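**Student:** could you look at this predicted model? Sequence included:
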Amino acid sequence: QVQLQESGPGLVKPPQTLSLTCTVSGGSITTNYYYWSWIRQPPGKGLEWMGAIVYSGRTYYSPSLKSRTSISRDTSKNQFTLQLSSVTPEDTAVYYCSRETMTDGMDYWGKGTLVTVSS
């Protein structure tokens, strides 16, 4: 059973950098054909895909967030990390990490973590 768990600060001040880590258990983030994604949901709004790191280490980003987003991984800890720079209150959201495949979509999700951006 694959499990994902987000961790990081719940409060970030603008214009600092938001940093979250997703710890994966029950499967390796380097296993072929899996994508490891970050998604967020602002209060009262829909889900927004932010970016992903592939099993090979290649990264993909949403065009609207690309200039502020960086996703990396630590294979020794089976973790991947999101960094979002220059945050504003509009970045307040529940942030999720997930596993994705080309055939099954996002099949495993973390429970999500609320990050509030406020001074």
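**Tutor:** Thanks, I have it.
**Student:** what residues are up against residue 57?
**Tutor:** Contact criterion Cβ atoms under 8 Å, 6 or more residues apart in numbering gives residue 73 as the residues in contact with residue 57. Where C-beta positions appear, they are placed from N, C-alpha and C, glycine not excepted.
**Student:** Three-state assignment for it, please.
**Tutor:** Taken by DSSP: H, G, I helix; E, B strand; the rest coil, the conformation at residue 57 corresponds to coil.
**Student:** can you check residue 70 too?
**Tutor:** Classification of residue 70 using three-state DSSP returns strand.
**Student:** what helices or strands is the lowest-mean-pLDDT helix or strand in the chain leaning on?
**Tutor:** Taking mean pLDDT, DSSP states H and E as the measure, the helices and strands of the chain show their lowest mean at strand 105-109, namely a mean of 91. Identification of packing neighbours for strand 105-109 by 3 or more Cβ pairs under 8 Å, 6 or more residues apart in numbering; DSSP states H and E yields strand 3-7, strand 93-101.
**Student:** for the following helix or strand past it, give me every contacting residue.
**Tutor:** Past strand 105-109, heading to the C-terminal end, the next element that is a helix or strand (DSSP states H and E) is strand 113-117. By Cβ under 8 Å, 6+ apart, the list of residues contacting strand 113-117 from outside reads 6-14, 18, 20, 87-95.
**Student:** list the neighbouring strands of strand 113-117 plus their orientation.
**Tutor:** Next to strand 113-117 in the sheet, as set by DSSP bridges, lie strand 11-12 (parallel), strand 93-101 (antiparallel).
**Student:** tell me which residue is most central in this protein.
**Tutor:** Nearest to the mean C-alpha position of the chain, by Cα atoms, centre = their mean, lies residue 38 at 2.6 Å.
**Student:** what bridges to that one?
**Tutor:** residue 51, residue 97.
**Student:** what residues does it make contact with?
**Tutor:** For residue 38, the contact set (Cβ under 8 Å, 6+ apart) comprises 20, 22, 49-52, 71, 82, 95-97.
**Student:** again with residue 47
**Tutor:** If a contact means Cβ under 8 Å, 6+ apart, then residue 47 has 39-41, 96 as its contacts.
**Student:** again, 7 Å this time
**Tutor:** 39, 41 (Cβ atoms under 7 Å, 6 or more residues apart in numbering).
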